[in-house]
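Undergrad: Generate a structure from the sequence data that follows.
(2 chains)
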Amino acid sequence: MITLEPTLRTGLSGRDTQLLPDDEFRCRVEAARALMGASDIDALVVLGSAADSGLLTYFSGMVPWVNWAALIVPRQGEPTLVSLVGPREKPVIQAQNWIADVRTPGGSPQVGGKAIAEALAATNSKTVGFAGLEDVLDGATARIIEKALADSALVPFDAPLQELCRLKSPRELIALRAAHALAQQAATSATAAFARSGDIAQAAWAAQWTAYRHGAHDIRLLTAGNQSYLAPPCHRATAKQRFLSLYCAVERSGYWGLAALGLGPDGVARTPEALTAMLDRIAGGASAASVARAGLQELSAGEREDALSYGLGSGIGTSLTETPRISPDSEDVICAGDLLSLRIIHRTHGTPVCSSKTVVVGAQGWQAL
Amino acid sequence: MRPERRSAGEQRLRALRQAMAQAGAELVIIYGSGLHDLTRSNWCWYFSGLKQLGRDACLCVTTDGQALLIVTPKWDEERSRRDSWIAEVLATDSLPAALATQLAARGWSNMRALVIDFGRAPTTTSSSVSAMFPNFLGDGTPVVPRTYDEYGKGLIAGAVAIAEATYEKLLAYVTPGMRDFELAAYCDKVMSEAGSDANFLVVCASQHHLGPSPPVGRIVEQGDVVLAELSPSLDGQFAQICRTFVIGDTRPALVRNHWILDEAFNAALAACRPGVEVAEVTRAANRVIERHGFGAYNAPQYTRARGHAVGLGPMVPPVIAEQLTMQLEPGMSFVLHPNQYFPDSGYLFYGDQVFVESHGASRLPKRPGTLEVILARATA
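TA: Take a look at the predicted model:
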């Protein structure tokens, strides 16, 4: 789901070192090394930006505060983290991840490319797997990095790493449950504030305040009152509304959780049959397309158009949108162990109504997160 | 839409078309990345009046009076139409495909075209777009303004007023026992309620700061130094103030060092005149720091820059630093902040948004930053 990217995250920063200690990340790096070995890759570079950090967060624990960062993982030896900030920010960056070798060469892509090249040169790597080069960074920066690494053979390695992220560890499930619970708590606060005031702005602020006070790093909201579309909330007081629709995504310690609701004039949230139909199809081995089609069959033509436009859901983890993608044109296959966030958003009486469910996929079905 | 906003949009497009004609261009295409950054221009928002939601957007403007805004995702069409001053808005889930279709349908493909900010698009978008223009003239950055128009000046003044009011409220709100992220969330709330549409804010507390940092969950204590960099945005235009306050009794080194920053700021402000190089403004601040014996701390690990322009509009000058020989011009606006680390007090903030006029520069906040001391309050 597309949400408005904040200028700067203002919530609690840093990883939960009790829940996600260093050995958790070392295990992930070792799993990546096994994939590298199978593909004859000498080193891996995982890029992540403040706006799009899923894979970087998965391997380093860090969501970049500003700009972007690169994790360099050689086949053997310790990884290096290059963060595109100056030396003044080094203590901040060091506190946000488990990597001993943190380099903060400055904020320009040129110095970033040079620092990555230096880290790779020290490992004598010839074939380098890259993640995030095409989509995470802007094109101009990507070209600068490619130029800095002209002596290496660059191999896109996003897809294998995204597959690796799908199966969540027990600790990850705890982190995801905490993020999910916080999103639900924020949505509950919004509901209560809306019941008191009938004001979308009050509801949005209540959600935001609850999330931040309980340790959210980031919160994304889309709301609708009487209007016919979801939009980022305006925090100024609005005219009294009859409906509240809310999509609420919360990131805590690097993991995302979701809540969505649509309250009618009676204040009751409903789970549409389409969502139930999708859940009925969920099991390890099911095609993502068949799950999507099952839900769409329950909707009218107009509702189908809405639901497809807003999307039907995906995997969720250190990114709000991970593999598999639930869509009638998706070629993904759902696996046991996937964590899925399904949603149906369509207009009822002209107002968007949101509902969602986050589930852990089993061989025969699913369990609520 | 407020009439002054619509009028500002018309004026910005008129100025753009004049600059395009002078550059020999018939079409300019401006990319918007959806990342609204304090330290980068956002020309798509500047010329369209829209804070885009999705990752890709672009504004096409021709010299013969046409303008088309393409936004993503498709479901954001109604909001985009509501907020933009561009009459023709098209929403899509694929910018390259929609742009290609529109260029062909409107006969724009063979126009002499300039592009702006397509380097900020991900490779997947920029590579497909670059092939669309056989008469590609190059980068269109020279056709965008270097100084602020009247509308932009008004927004900067408004954003400064929000920042000042937020700071006053923060001083009244903070209490030992609160967490640092509560302070940040509170400032975010106050600025948003006052009408800010994007907030870049740093609020952190420590007995001794090495530099600015995001909230880490620290409980605010007596004796803490609180750094507050508040940068609200109005219609996309940021402005910034940097402030420092202390919880409980202050220490002599803090008072002295804050006073040094005040002196450095005023020296730099006095140097800000049209025709003066940015390097000279920077040196004016640095000389004060050096004279007080802290020259060794004018280094990248202890300070970043003495200021910078702020988005949405012209990022000129991009940074207040000794290596920049660019000359100041009337109509430029930037934050001047000699923020700096001192070994006996830690890192301190001190800075204000300033505006360059024909006779010199003025600081915009009504109340200059003083070292506020929050006397003991009951613990939260």
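
Undergrad: show me where the stretch 51-200 of chain A has strands.
TA: For the stretch 51-200 of chain A, applying DSSP state E, counting those that start in this stretch gives strands covering A:68-74, A:80-83, A:101-103, A:127-131, A:153-156.

Undergrad: List, one by one, the residues from the stretch 51-200 of chain B near chain A.
TA: B:51, B:53-55, B:72-79, B:93, B:118-127, B:179, B:181-182, B:184-185, B:187-189, B:192-193, B:195, B:198-200 (CB under 8 Å from any CB of the partner chain). The C-beta positions use only the backbone N, C-alpha and C, and glycine is treated the same way.

Undergrad: Please pick the buried ones from those residues.
TA: Buried residues within these, defined by neighbour count using 16 or more other CB atoms under 10 Å in any protein chain shown: B:51, B:53-55, B:72-77, B:79, B:93, B:118-123, B:125-126, B:179, B:181-182, B:184-185, B:187-189, B:192, B:195, B:198-200.

Undergrad: does any bit of stretch B:240-255 sit next to chain A?
TA: No: no part of stretch B:240-255 sits near chain A under the criterion CB under 8 Å from any CB; the closest distance found is 11.8 Å.

Undergrad: how distant is that stretch from the center of its chain?
TA: 25 Å (CA atoms, centre = their mean, to the nearest Å).

Undergrad: Could you give me the buried positions within it?
TA: Residues B:240-247, B:250, B:254 are the ones in stretch B:240-255 that count as buried (16+ other CB under 10 Å).

Undergrad: Which helix in the chain has the most residues?
TA: Here I'm looking at chain A. As assigned by DSSP state H, the longest helix anywhere in chain A is helix A:170-197.

Undergrad: that's the other chain; I wanted chain B
TA: Assigned via DSSP H, chain B shows its longest helix as helix B:150-173.

Undergrad: Mind giving me the packing neighbours of that helix?
TA: Contact partners of helix B:150-173 among helices and strands, from 3 or more CB pairs under 8 Å, 6 or more residues apart in numbering or on different chains; DSSP states H and E: helix B:3-23, helix B:180-193, strand B:225-234, strand B:237-238, strand B:241-247, strand B:333-336, strand B:352-356.

Undergrad: Go ahead and flag the most central residue of chain A.
TA: Centroid check for chain A by CA atoms, centre = their mean gives residue A:319 as the closest residue, at 1.7 Å.

Undergrad: Skip the chain neighbours and tell me the closest residue to it.
TA: In this structure, residue A:319 finds its nearest non-sequential neighbour in residue A:54, 3.1 Å apart by CB to CB, 6 or more residues apart in numbering or on different chains.

Undergrad: show me the residues around the one you found that make contact.
TA: A:48, A:165, A:317-319, A:322 (CB atoms under 8 Å, 6 or more residues apart in numbering or on different chains).

Undergrad: Quick one: low-confidence residue ranges for the stretch 1-150 of chain B.
TA: B:134-135 (pLDDT under 70).

Undergrad: Residue of it nearest chain A, please.
TA: As assessed by CB to the nearest CB, chain A sits closest to residue B:119 within the stretch 1-150 of chain B, at 3.2 Å.

Undergrad: Any figure for the gap between residue A:205 and residue A:190?
TA: Residue A:205 sits 9 Å away from residue A:190 when distances are taken as CB to CB, to the nearest Å.

Undergrad: okay, the two: which has more neighbours?
TA: More crowded of residue A:205 and residue A:190, by other CB atoms under 10 Å in any protein chain shown: residue A:190, with 30 against 22.

Undergrad: so after the helix or strand bottoming out on mean pLDDT in chain A, what's the next helix or strand?
TA: Least confident helix or strand, chain A: strand A:255-263 with a mean of 90, by mean pLDDT, DSSP states H and E. Per DSSP states H and E, the first helix or strand lying C-terminal to strand A:255-263 is helix A:273-281.

Undergrad: Residue numbers of the stretch 251-369 of chain A in contact with chain B?
TA: Within the stretch 251-369 of chain A, the positions lying close to chain B (CB under 8 Å from any CB) are A:306, A:309-310.

Undergrad: Quick check: of those, which lies closest to residue A:201?
TA: Checking those against residue A:201 with CB to CB, the nearest one is residue A:310 at 22.2 Å.

Undergrad: Not including adjacent chain positions, what is the nearest residue to that closest one?
TA: That would be residue A:345: by CB to CB, 6+ apart, it lies 4.0 Å from residue A:310.

Undergrad: I'd guessed the one you found sits against residue A:312; true?
TA: No: shown here, residue A:345 and residue A:312 do not form a contact pair, counting by CB atoms under 8 Å, at 9.0 Å.

Undergrad: what angle sits between the least confident helix or strand of chain A and helix A:273-281?
TA: Strand A:255-263 runs at 140 degrees relative to helix A:273-281, counting by axes from the mean of the first three to the mean of the last three CA atoms, to 10 degrees.

Undergrad: so the residue of the stretch 1-150 of chain B closest to chain A touches residue A:144, yeah?
TA: No: when contacts are counted by CB under 8 Å, residue B:119 is not listed as touching residue A:144 (9.9 Å).

Undergrad: burial measure for the closest residue to chain A within the stretch 251-380 of chain B, as a count.
TA: Nearest residue of the stretch 251-380 of chain B to chain A (CB to the nearest CB) works out as residue B:301 at 4.0 Å. Using other CB under 10 Å, residue B:301 has 16 neighbouring residues.

Undergrad: check contacts around the residue nearest to it when sequence neighbours are not counted.
TA: In space, and not counting its chain neighbours, residue B:301 is closest to residue A:87: 4.0 Å by CB to CB, 6+ apart. Residues near residue A:87 by CB under 8 Å, 6+ apart: A:104, B:300-301.

Undergrad: Now do the residue of the stretch 1-150 of chain B closest to chain A against residue B:215, distance only.
TA: Distance, residue B:119 to residue B:215, using CB to CB: 32 Å.

Undergrad: what do you get for residue B:352?
TA: Going from residue B:352 to residue B:215 by CB to CB gives 24 Å.

Undergrad: Pull out the buried positions in stretch B:277-295.
TA: Buried positions in stretch B:277-295, judged by neighbour count with 16+ other CB under 10 Å: B:277-286, B:288-289, B:292, B:294.

Undergrad: Rebuild those as TSV, extending it with pLDDT and secondary structure.
TA: Shown next, in TSV, are the buried residues of stretch B:277-295 (pLDDT from 0 to 100; DSSP: H, G, I helix; E, B strand; the rest coil):
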residue	pLDDT	secondary structure
B:277	98	strand
B:278	98	helix
B:279	98	helix
B:280	98	helix
B:281	98	helix
B:282	98	helix
B:283	98	helix
B:284	98	helix
B:285	98	helix
B:286	98	helix
B:288	98	helix
B:289	97	helix
B:292	98	coil
B:294	97	coil
